[in-house]
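Have a look at this prediction, sequence included:
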Amino acid sequence: MINLLIMGKPGAGKGTQAKKILRHYHLAHISTGDIYREEMRKESPIGLIAKQYVSRGELVPDDMTNDIVEEVLHTHKYPNGFMLDGYPRTRAQAEALDCNLARLGLKLTAVINVDINDEVLMHRMAGRRVCPNCQATYHVANHPPQVPGICDVCGHELIQREDDKETSVLNRLRIYNKMTKPLIDYYREKGLLLVVDGDLPVNTVFKEICKGIEEK
Ligand code: AMP
């Protein structure tokens, strides 16, 4: 059983790496960002609250996020393990996660931090496009769709996520540095941290991650 946590600044490429790792190790994906996007799409009570924060690039309050993850961890079984993606993002969330895992008799195998410099990141975020129908992701320069603005997979029109727009990205970066970056030390002290260079090609990053996981 492999239980992972993947971290990185917004746009570091953690989503791409997460997909590859999930497939390789047959893990369940627990992404709080995906959960919130789905709730917002359904316009559920949680979604309506989350929307106020997500659209501004702010963090949804810890209590609500912790409750959601607690429920997900307690109601599902993960025979091969899971990967937490985008959670925890604050010290209070990390501590809540520790309690939940201990109650379930589970442990983290490794915490992957996909590291990247801010300039590369701004370029990546500005060009990112997503399909609101099937969630496929593209980049106008690095990974364009065959027909500009149209999803290769389902033909739906692509959009720029509200929280990928520049002011929102800068805000998310500021929040990341203040709230989430300290978690790097938190997990380093626990001997779980695995840092990979997100500027390297996707497959090189992936190989480094696999090597690191196997060493743990
Ligand atoms: P992501 O796709 O992980 O970047 O998440 C998109 C947005 O969902 C974030 O900018 C936050 O507004 C919200 N969100 C996702 N995960 C969390 C979390 N662990 N704590 C608070 N807010 C979150």
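Thanks, I have the structure now. Everything quoted here is computed from the prediction, not taken from an experiment.

Return the residues of this structure in contact with the ligand.
Proximity of the chain to the ligand, by C-beta under 6 Å from any ligand atom, involves residues 10, 32-33, 36, 53-54, 57-60, 65, 86-87, 89, 93, 163, 172. Heads up, the C-betas are built off the backbone N, CA and C, glycines and all.

Recalculate using a threshold of 8 Å.
The chain comes close to the ligand at residues 10, 15, 31-37, 50, 53-54, 56-62, 65, 69, 85-90, 93, 163, 172, 175, as judged by C-beta under 8 Å from any ligand atom.

Residue 196 contacts residue 212, doesn't it?
Yes - contact criterion C-beta atoms under 8 Å: residue 196 and residue 212 qualify, at 7.2 Å.

the more surrounded of those two?
residue 196 (25 against 15; other C-beta atoms under 10 Å).

need the contact list for the more buried one.
Neighbour list for residue 196: 17, 112, 113, 114, 115, 205, 208, 209, 212 [criterion: C-beta atoms under 8 Å, 6 or more residues apart in numbering].

Wait, the last one touches residue 111, no?
Spelled out, that is residue 212. No - judged on C-beta under 8 Å, residue 212 makes no contact with residue 111 at a distance of 10.3 Å.

all strands for the protein, in order.
Counting by DSSP state E, the chain has these strands, from start to end: 4-8, 28-31, 82-85, 110-115, 128-130, 137-139, 193-197.

Tell me who's in contact with residue 22.
Contacts for residue 22 (C-beta under 8 Å, 6+ apart) come out as 28, 29, 83.

okay, the first one: pLDDT?
According to the prediction, residue 28 has pLDDT 94.

do you know how far the residue lying closest to residue 168 once chain neighbours are set aside is from residue 207?
Of all residues not flanking residue 168 in the chain, residue 57 sits nearest, at 3.8 Å (C-beta to C-beta, 6 or more residues apart in numbering). Look at residue 57 and residue 207: by C-beta to C-beta, to the nearest Å, they are 32 Å apart.

How about residue 67?
Look at residue 67 and residue 207: by C-beta to C-beta, they are 37 Å apart.

got it, and residue 192?
Residue 192 is 20 Å from residue 207, where distance means C-beta to C-beta.

Name the residue in those two with the higher neighbour count.
Between residue 192 and residue 207, counting by other C-beta under 10 Å, residue 192 is the more crowded of the two (17 against 13).

tell me the contacts of the residue nearest to the more buried one when sequence neighbours are not counted?
Excluding the flanking residues, the one nearest residue 192 by C-beta to C-beta, 6+ apart is residue 111, at 4.5 Å. By C-beta under 8 Å, 6+ apart, residue 111 lies in contact with 4, 5, 6, 7, 187, 192, 193, 194.
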